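Chemist: need a 3D model of the sequence below.
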Amino acid sequence: MGPTERYAEIVKAFVGKRGVSAESGRGFGSSALKIDNRIFAMLASGDQFVVKLPRQRVDALVAAGEGERFDPRRNGKLMKEWFVVGPRREVRWLPLAQEAFEFARTKRD
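Modeler: Numbering: from 1, shown residues only. From the prediction side, this is the model:
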């Protein structure tokens, strides 16, 4: 199963939850899961699964070799609360998406 199909399964798991929407298209966040219009997970550059998590959690995941910080422009400006799940870690997509969903829910105004 490729990244697009795997991401579609993640979308199915979240669409229908209160406040969640899914968008697809081009550009940053165009293939994204949102809660109250805030992205919590997305498929970037066609094959990178990216989630928004607390900075400390991203630090721990990076230190454990699970992936890397997100660099959307590929210019070295890393986003502190955004994590790219590493290659061959597809089994982590759903649990990390769930973490990102919970994190985004706690940031609701």
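Chemist: list the buried residues of the helix or strand bottoming out on mean pLDDT in the chain.
Modeler: For the chain, using mean pLDDT, DSSP states H and E, the weakest element among its helices and strands is strand 20-23, scoring a mean of 88. Residues of strand 20-23 classed as buried: 20, 22 (neighbour count, 16 or more other CB atoms under 10 Å). (C-beta placed from N, C-alpha, C; glycine too.)
Chemist: all helices for this structure, in order.
Modeler: Remark: helices assigned in the chain by DSSP state H are 3-14, 55-63, 93-106.
Chemist: by contact count, what packs against the first one?
Modeler: Here helix 3-14 touches strand 20-23, strand 32-35, strand 38-44, strand 48-52, helix 93-106, going by 3 or more CB pairs under 8 Å, 6 or more residues apart in numbering; DSSP states H and E.
Chemist: out of the ones you listed, nearest to residue 11?
Modeler: With CB to CB as the measure, strand 20-23 is the member of the helices and strands packed on helix 3-14 nearest residue 11 (4.8 Å).
Chemist: hmm, who's touching the closest one?
Modeler: Strand 20-23 is contacted from outside by 11, 14-15, 29-35, 37, 101, using CB atoms under 8 Å, 6 or more residues apart in numbering.
Chemist: a markdown table for those, including distance to residue 60, neighbour count and pLDDT?
Modeler: Shown next, in a markdown table, are these (distance: CB to CB, whole Å; neighbours: other CB atoms under 10 Å; pLDDT from 0 to 100):
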| residue | distance to residue 60 | neighbour count | pLDDT |
| --- | --- | --- | --- |
| 11 | 26 | 18 | 94 |
| 14 | 23 | 20 | 95 |
| 15 | 29 | 11 | 90 |
| 29 | 24 | 16 | 50 |
| 30 | 29 | 12 | 57 |
| 31 | 26 | 22 | 83 |
| 32 | 24 | 20 | 93 |
| 33 | 22 | 27 | 95 |
| 34 | 25 | 18 | 93 |
| 35 | 23 | 22 | 93 |
| 37 | 28 | 8 | 87 |
| 101 | 18 | 21 | 97 |
